[in-house]
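Visitor: My questions are about this predicted structure, shown below with the sequence.
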Amino acid sequence: MDSTATTTRPVVVGVDGSPGSAKALAWGARQARLTHAPLHAVIAWAWPDMYGVGFGGMPYEMDLAGDAGVVLKQMVADLGDDAPPDGVQALVFQGHPAQVLLQQAENASLLVVGSRGHGAFSGMLLGSVSQHCVSNAGGPVVVVRAEEAG
């Protein structure tokens, strides 16, 4: 096989705005470059579990999908020159992060997640999501461990 041939199976990376997912995205970008694979950066959002239960609904000005897209766009921009030459496909989905990532990884060459996330979208890519992906993915999964601060 020609080593410069592009594989059609992407490297899928789950992001949530946290430093851990930024490291996962950088790792996934390097892997995509090395394997000549497309890079898909994925963020998932969901209404809070308590939505509409005793709180009179969510404020109209909430735009969780838009906010997720802003976080994702910034993370991809922060890759700078580390982005693959063909760019990054940035994908925003509604749903539970683990389920979204597993679905997106069905035809991927690799799924990359952070070990835990504590970013703007808390609850995405927490240890339980990474563990769920490792336990249930049909293909290889890389968990990038974030360095502990202080």
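Guide: Structure's in. What do you need? Residues are numbered from 1 along each chain as shown.
Visitor: List the buried residues for the biggest helix by length in the chain?
Guide: Ranked by residue count under DSSP state H, the longest helix found in the chain is helix 19-35. Under the neighbour-count criterion of 16 or more other CB atoms under 10 Å, helix 19-35 has 20-29, 31-33, 35 buried. Bear in mind the C-beta positions are built from the backbone N, C-alpha and C, glycine included.
Visitor: Quick check: the farthest pair among the residues you listed?
Guide: For the buried residues of helix 19-35, the maximum inter-member distance is 22.5 Å, found between 20 and 35 (CB to CB).
Visitor: closest to residue 95 among the buried residues of helix 19-35?
Guide: The closest of the buried residues of helix 19-35, once distances to residue 95 are taken by CB to CB, is residue 21, at 16.7 Å.
Visitor: What confidence value was assigned to that closest one?
Guide: Turning to residue 21, the model gives it a pLDDT of 93.
Visitor: cool, and residue 82?
Guide: For residue 82, the predicted pLDDT is 88.
Visitor: Hmm, it is touching residue 29, no?
Guide: Yes. If you go by CB atoms under 8 Å, residue 82 and residue 29 touch, sitting 5.1 Å apart.
Visitor: Which residue, other than its chain neighbours, is closest to residue 64?
Guide: Sequence neighbours aside, residue 45 is the residue nearest to residue 64 in space, at 4.5 Å (criterion: CB to CB, 6 or more residues apart in numbering).
Visitor: how much space between that neighbour and residue 22?
Guide: Distance, residue 45 to residue 22, using CB to CB, to the nearest Å: 18 Å.
Visitor: Next: residue 46.
Guide: In terms of CB to CB, residue 46 sits 21 Å off from residue 22.
Visitor: cool, and residue 11?
Guide: For residue 11, the distance to residue 22 - CB to CB - is 16 Å.
Visitor: same deal with residue 79?
Guide: 9 Å.
Visitor: Only the buried residues of the helix or strand of the chain with the lowest mean pLDDT, if you could.
Guide: Least confident helix or strand, the chain: helix 127-136 with a mean of 89, by mean pLDDT, DSSP states H and E. Within helix 127-136, the residues that qualify as buried are 129-130, 132-133, counting by 16+ other CB under 10 Å.
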